[in-house]
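Colleague: sequence and predicted structure are below.
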Amino acid sequence: MKFKDNIKFIKVAESKNVYEKKGIKIQFDGDDDFQVAIIRYEGKLYCVDNICPHRHADRIFEGIIKDKTVTCPLHGWTYSLESGENVDIKKGIKKLKTYLCFEEDGIIYIEEPKFEIPKWRK
(Lines give C-alpha, C1' and ligand atoms only; values in the text may rest on other atoms or scores of the structure.)
Protein backbone atom coordinates (compact mmCIF):
# COMPACT_ATOMS: atom_id res chain seq x y z
CA MET A 1 0.00 0.00 0.00
CA LYS A 2 1.20 3.50 -0.86
CA PHE A 3 -0.17 7.00 -0.50
CA LYS A 4 0.19 9.73 -3.12
CA ASP A 5 -1.56 13.08 -2.76
CA ASN A 6 -3.66 11.59 0.07
CA ILE A 7 -4.93 8.81 -2.22
CA LYS A 8 -4.48 5.20 -1.12
CA PHE A 9 -2.96 2.95 -3.79
CA ILE A 10 -2.72 -0.83 -3.65
CA LYS A 11 -0.29 -3.21 -5.31
CA VAL A 12 -2.08 -5.29 -7.96
CA ALA A 13 0.45 -6.75 -10.42
CA GLU A 14 3.98 -6.85 -11.71
CA SER A 15 4.72 -4.49 -14.61
CA LYS A 16 6.23 -7.31 -16.68
CA ASN A 17 2.80 -9.00 -16.86
CA VAL A 18 1.06 -6.15 -18.72
CA TYR A 19 2.05 -5.97 -22.39
CA GLU A 20 1.49 -3.19 -24.90
CA LYS A 21 -2.10 -3.14 -26.25
CA LYS A 22 -3.04 -5.95 -23.87
CA GLY A 23 -4.97 -6.06 -20.64
CA ILE A 24 -5.11 -8.16 -17.51
CA LYS A 25 -7.98 -8.79 -15.15
CA ILE A 26 -7.66 -8.11 -11.44
CA GLN A 27 -10.36 -9.84 -9.38
CA PHE A 28 -10.95 -8.64 -5.82
CA ASP A 29 -12.47 -10.59 -2.95
CA GLY A 30 -16.05 -10.07 -1.88
CA ASP A 31 -18.08 -10.09 -5.09
CA ASP A 32 -17.76 -11.53 -8.61
CA ASP A 33 -18.36 -8.06 -10.08
CA PHE A 34 -15.52 -6.48 -8.08
CA GLN A 35 -12.84 -6.45 -10.77
CA VAL A 36 -10.81 -4.08 -12.89
CA ALA A 37 -8.80 -4.25 -16.10
CA ILE A 38 -5.24 -2.93 -16.29
CA ILE A 39 -4.34 -1.96 -19.87
CA ARG A 40 -1.11 -0.67 -21.38
CA TYR A 41 -1.35 1.63 -24.39
CA GLU A 42 1.62 3.55 -25.83
CA GLY A 43 3.57 2.69 -22.70
CA LYS A 44 1.02 4.22 -20.33
CA LEU A 45 -1.11 2.23 -17.91
CA TYR A 46 -4.86 2.64 -17.60
CA CYS A 47 -7.23 1.08 -15.09
CA VAL A 48 -10.96 0.72 -15.76
CA ASP A 49 -13.83 -1.45 -14.57
CA ASN A 50 -13.63 -4.86 -16.19
CA ILE A 51 -17.42 -5.30 -16.36
CA CYS A 52 -18.86 -3.89 -19.58
CA PRO A 53 -21.96 -1.85 -18.64
CA HIS A 54 -23.72 -2.86 -21.86
CA ARG A 55 -24.37 -6.53 -21.04
CA HIS A 56 -22.45 -6.85 -17.78
CA ALA A 57 -19.77 -9.18 -19.14
CA ASP A 58 -16.34 -9.32 -17.50
CA ARG A 59 -14.35 -9.12 -20.71
CA ILE A 60 -12.98 -5.57 -21.00
CA PHE A 61 -9.45 -6.88 -20.31
CA GLU A 62 -9.73 -8.95 -23.52
CA GLY A 63 -10.89 -5.97 -25.58
CA ILE A 64 -9.44 -4.48 -28.74
CA ILE A 65 -7.18 -1.58 -27.80
CA LYS A 66 -6.46 1.29 -30.18
CA ASP A 67 -6.56 5.10 -30.25
CA LYS A 68 -6.71 5.27 -26.41
CA THR A 69 -9.90 3.20 -26.40
CA VAL A 70 -10.91 -0.34 -25.52
CA THR A 71 -13.66 -2.14 -27.40
CA CYS A 72 -15.57 -4.89 -25.61
CA PRO A 73 -14.95 -8.11 -27.55
CA LEU A 74 -18.54 -9.34 -27.10
CA HIS A 75 -20.76 -6.59 -28.52
CA GLY A 76 -18.41 -3.86 -29.76
CA TRP A 77 -19.06 -1.07 -27.30
CA THR A 78 -16.00 1.20 -27.20
CA TYR A 79 -14.80 3.21 -24.21
CA SER A 80 -12.14 5.87 -23.68
CA LEU A 81 -9.26 4.56 -21.57
CA GLU A 82 -8.78 8.04 -20.10
CA SER A 83 -12.36 8.91 -19.12
CA GLY A 84 -14.28 5.64 -19.38
CA GLU A 85 -16.85 7.39 -21.59
CA ASN A 86 -18.64 5.45 -24.32
CA VAL A 87 -17.25 6.88 -27.56
CA ASP A 88 -20.42 6.13 -29.59
CA ILE A 89 -23.18 8.12 -27.93
CA LYS A 90 -25.72 6.44 -30.25
CA LYS A 91 -25.22 3.29 -28.19
CA GLY A 92 -26.01 5.03 -24.90
CA ILE A 93 -24.37 6.92 -22.07
CA LYS A 94 -23.08 4.04 -19.99
CA LYS A 95 -19.41 4.33 -19.06
CA LEU A 96 -16.61 2.48 -17.34
CA LYS A 97 -15.31 3.75 -14.02
CA THR A 98 -11.64 4.72 -14.19
CA TYR A 99 -8.97 4.53 -11.51
CA LEU A 100 -5.63 6.25 -11.11
CA CYS A 101 -2.64 3.97 -11.50
CA PHE A 102 1.13 4.07 -11.70
CA GLU A 103 4.23 1.85 -11.89
CA GLU A 104 7.10 1.92 -9.46
CA ASP A 105 10.05 -0.47 -9.24
CA GLY A 106 8.33 -3.01 -11.50
CA ILE A 107 5.06 -2.99 -9.55
CA ILE A 108 1.67 -1.65 -10.68
CA TYR A 109 -0.41 0.23 -8.14
CA ILE A 110 -4.01 1.37 -8.56
CA GLU A 111 -6.17 3.72 -6.60
CA GLU A 112 -7.93 1.58 -4.03
CA PRO A 113 -11.32 0.74 -5.57
CA LYS A 114 -14.49 0.86 -3.53
CA PHE A 115 -17.01 -1.77 -4.53
CA GLU A 116 -20.55 -0.61 -5.19
CA ILE A 117 -23.35 -2.98 -6.16
CA PRO A 118 -23.99 -2.28 -9.85
CA LYS A 119 -27.26 -0.49 -10.66
CA TRP A 120 -28.36 -3.36 -12.88
CA ARG A 121 -28.30 -5.72 -9.85
CA LYS A 122 -30.44 -3.50 -7.62
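Modeller: That came through fine.

Colleague: number of nearby residues for Lys122?
Modeller: By other CB atoms under 10 Å, 5 other residues sit near Lys122. The way it works is simple: take the backbone N, C-alpha and C, and place the C-beta from them, glycine included.

Colleague: that should have said Asp5, apologies.
Modeller: 6.

Colleague: adjust the sequence numbering to begin at 95 for everything that follows.
Modeller: All right, first residue 95 from here; so that's Asp99.

Colleague: residue contacts, it?
Modeller: With contact set as CB atoms under 8 Å, 6 or more residues apart in numbering, Asp99 has no partners.

Colleague: so where does Lys105 fall, helix or strand?
Modeller: strand 101-108 (DSSP states H and E).

Colleague: quick one: mean pLDDT for that strand?
Modeller: Per-region confidence: strand 101-108 scores 96 on mean pLDDT.

Colleague: likewise for stretch 116-128?
Modeller: 92.
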